[in-house]
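**Student:** quick one: sequence and predicted model below, then my questions.
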Amino acid sequence: MKIAVLPGDGIGKEIVAQAVRVLQALGESFEYEWADVGGAAYESAGHPLPEATLKLAMESDAVLFGAVGDWKYDKLERALRPEQAILGLRKNMGLFANFRPAICYEELVGASSLKPEIIAGLDILIVRELTGDIYFGQPRGRRASPDGAFAGADEAFDTMRYSRPEIERIAHVAFQAARKRGNKVASVDKANVLETFQFWKDVVTEVHEAHYVDVKLEHMYVDNAAMQLVKAPKNFDVVVTGNMFGDILSDEASMLTGSIGMLPSASLNDRKQGLYEPSHGSAPDIAGKGVANPLATILSAAMMLRFSLDKAEQADRIEAAVKKVLASGLRTPDIWSEGTTKVGTEAMGDAVVAALAQ
Ligand SMILES: NC(=O)c1ccc[n+]([C@@H]2O[C@H](COP(=O)([O-])OP(=O)(O)OC[C@H]3O[C@@H](n4cnc5c(N)ncnc54)[C@H](O)[C@@H]3O)[C@@H](O)[C@H]2O)c1
Ligand SMILES: CC(C)[C@H](C(=O)O)[C@@H](O)C(=O)O
Ligand SMILES: [Mg+2]
């Protein structure tokens, strides 16, 4: 089985190196092929998603991805900016279903900025639609405003849109995921204001009534959902939402786990092919310092074993190893608290590899 390894930029390189070490320690004979992506590919090949990188990703059984982006590319034309690489991979590979599980490990209850009783035992799953919404809707651009109070002034616009099949397929994914967990789905929308999200709500309701009446469904506006996520996050089980709301809510949910460095993700298409990446970015502020938390990426590698490579037992081994390491008191700075031992990225990788062997 072939794994495309795309570390990308900033801390992407540091954390992916640790995840690959952990995978290699499993004793499986995976084939790894590395390629540049994002800013690194712009430097080496003049494009954030060179054809060779895309081809490699499409041909592989799974993609292990770090992160892309750096402030120094912010002035490039949009098509050449590093972030286009991850968007292009998602679109070209048809990775419409993004799973972002927010689990608060017992040992990290003290690392969160929330009160322990709010987050202890937390286990929620954000199912984010990943190839539609305002991220990809056309038209978009800049122009002289054609009408209204500011006619003639410069303006910019994007288009929010969802088609019925796009909503139906992500709704099926969410309801099916819920059946394997707490049997509850919260569909997050902005139906009170946006036509796109009234349609979203209507279609999710139809899918529910036709196929999943055994699953409890509630609808929630995104502003309320953002508030409920910090007020009473354990009331959620599966949260299903569109691309942009899912982006924002998953970063919010990451702080329920202690740190964004703990939130893994899996992005799947309908062929079980997947891209696995931490939910966070390239963290230019800490890149090169050896302090990034590699656990979100290591846990993403576990999701890869489970969802794309049919190696659920190996996924369990990695997750158990991560728990052991946390129980032993080792912490990267983002999850450090009084009484625990601060370690860097590589030492955290070392510890997970060692725990696998125990
Ligand atoms: N999928 C991706 O590749 C992806 C995702 C998000 C952001 N980005 C890009 O990353 C760049 C930086 O974006 P940002 O600063 O808004 O978000 P970010 O997620 O990179 O960082 C936000 C904050 O979280 C911290 N952080 C993130 N990951 C961490 C880890 N593993 N361990 C410890 N601390 C961690 C950072 O130090 C920073 O303070 C931008 O170019 C952005 O577009 C890429
Ligand atoms: C870098 C960016 C395109 C990306 C997104 O918005 O999807 C990131 O924030 C994420 O959450 O994976
Ligand atoms: Mg994001």
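**Tutor:** Great, that's in hand. Ligands and ions are numbered 1, 2, ... in the order given.

**Student:** which residues does the closest residue to Pro233 other than its chain neighbours contact?
**Tutor:** Taking CB to CB, 6 or more residues apart in numbering, and ignoring the residues beside it in sequence, Pro233 has Leu256 as its nearest neighbour in space, at 5.2 Å. Backbone N, C-alpha and C define where each C-beta goes, glycine included. Under the criterion of CB atoms under 8 Å, 6 or more residues apart in numbering, the contact partners of Leu256 comprise Ala102, Cys104, Ser112, Leu114, Ile118, Ile119, Leu122, Ile124, Leu229, Val230, Pro233.

**Student:** show me those that map onto helices.
**Tutor:** Applying DSSP state H to those, the entries found in helices are Ile118, Ile119, Leu229, Val230.

**Student:** okay, the last one and Arg128: tell me how far apart.
**Tutor:** The gap separating Val230 from Arg128 is 18 Å, by CB to CB, to the nearest Å.

**Student:** and what of the third one?
**Tutor:** Look at Leu229 and Arg128: by CB to CB, they are 14 Å apart.

**Student:** the two: which is more packed in?
**Tutor:** Neighbours around Leu229 and Arg128, counted as other CB atoms under 10 Å, are more numerous at Arg128. The numbers are 28 against 24.

**Student:** which SSE is the more buried one in?
**Tutor:** Under the assignment given by DSSP states H and E, the secondary-structure element containing Arg128 is strand 123-129.

**Student:** extract the C-alpha trace of that strand and format it as PDB.
**Tutor:** These are the backbone C-alpha positions of strand 123-129, laid out as PDB (Å, rounded to 0.1, in the frame of the first residue of the first chain):
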ATOM      1  CA  ASP A 123     -16.000  13.100  22.600                       C
ATOM      2  CA  ILE A 124     -17.600  14.900  19.700                       C
ATOM      3  CA  LEU A 125     -17.300  14.500  15.900                       C
ATOM      4  CA  ILE A 126     -17.500  17.400  13.500                       C
ATOM      5  CA  VAL A 127     -18.400  16.300  10.000                       C
ATOM      6  CA  ARG A 128     -17.500  19.200   7.800                       C
ATOM      7  CA  GLU A 129     -18.500  19.300   4.100                       C
END
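
**Student:** going forward, the N-terminal residue is numbered 53.
**Tutor:** Got it, the first residue is 53 from now on, which makes the last one we talked about strand 175-181.

**Student:** any idea of the mean pLDDT in that strand?
**Tutor:** pLDDT averaged over strand 175-181 equals 98, rounded to a whole number.

**Student:** next: stretch 109-122.
**Tutor:** Across stretch 109-122, the per-residue pLDDT values average to 97.

**Student:** next: stretch 89-102.
**Tutor:** Across stretch 89-102, the per-residue pLDDT values average to 98.

**Student:** residue contacts, the residue of the stretch 103-252 of the chain found nearest ligand 2?
**Tutor:** Using CB to the nearest ligand atom, the single residue of the stretch 103-252 of the chain nearest to ligand 2 is Glu135, 4.2 Å away. When the contact criterion is CB under 8 Å, 6+ apart, the partners of Glu135 are Gly90, Pro100, Val120, Gly121.

**Student:** also near ligand 2: which of the residues you listed, exactly?
**Tutor:** If you filter the contacts of Glu135 for contact with ligand 2, counting by CB under 6 Å from any ligand atom, you are left with Gly121.

**Student:** mind giving me the PyMOL command for buried ones among the contacts of Glu135?
**Tutor:** In PyMOL, selecting the buried portion of these, with burial taken from 16 or more other CB atoms under 10 Å, looks like this:
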select buried, resi 90+100+120+121
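
**Student:** and of the contacts of Glu135, the nearest to Gly62?
**Tutor:** Distance to Gly62 across the contacts of Glu135 (CB to CB) is lowest for Gly121, with 7.0 Å.

**Student:** verify the stated contact: the closest one with Val89.
**Tutor:** No: under the criterion of CB atoms under 8 Å, Gly121 is not in contact with Val89, lying 10.8 Å apart.

**Student:** next, show the common contact partners of the two.
**Tutor:** Looking at what touches both Gly121 and Val89 (by CB under 8 Å, 6+ apart), the common residues are Gly60.

**Student:** ranges for the strands of this structure?
**Tutor:** 54-60, 83-86, 114-119, 149-155, 175-181, 193-196, 206-209, 236-241, 268-273, 290-293, 318-320, 326-328, 382-383, 393-394 (DSSP state E).

**Student:** which residues touch the nearest residue to Asn287 once chain neighbours are set aside?
**Tutor:** Computed as CB to CB, 6+ apart, the closest residue to Asn287 that is not its neighbour in sequence is Gln280, at 6.7 Å. Applying CB under 8 Å, 6+ apart, one finds that Gln280 lies in contact with Met272, Asn287, Phe288.

**Student:** looking at the residues you listed, spot the one nearest ligand 2.
**Tutor:** When the contacts of Gln280 are compared for distance to ligand 2 (CB to the nearest ligand atom), Phe288 wins out at 18.7 Å.

**Student:** number of nearby residues for that closest one?
**Tutor:** Using other CB under 10 Å, the number of residues around Phe288 comes to 26.

**Student:** what about the closest residue to it other than its chain neighbours, how many neighbours?
**Tutor:** With sequence-adjacent residues excluded and distances taken as CB to CB, 6+ apart, Phe288 is closest to Ile176, at 4.6 Å. Around Ile176 there are 24 other residues, counting by other CB under 10 Å.
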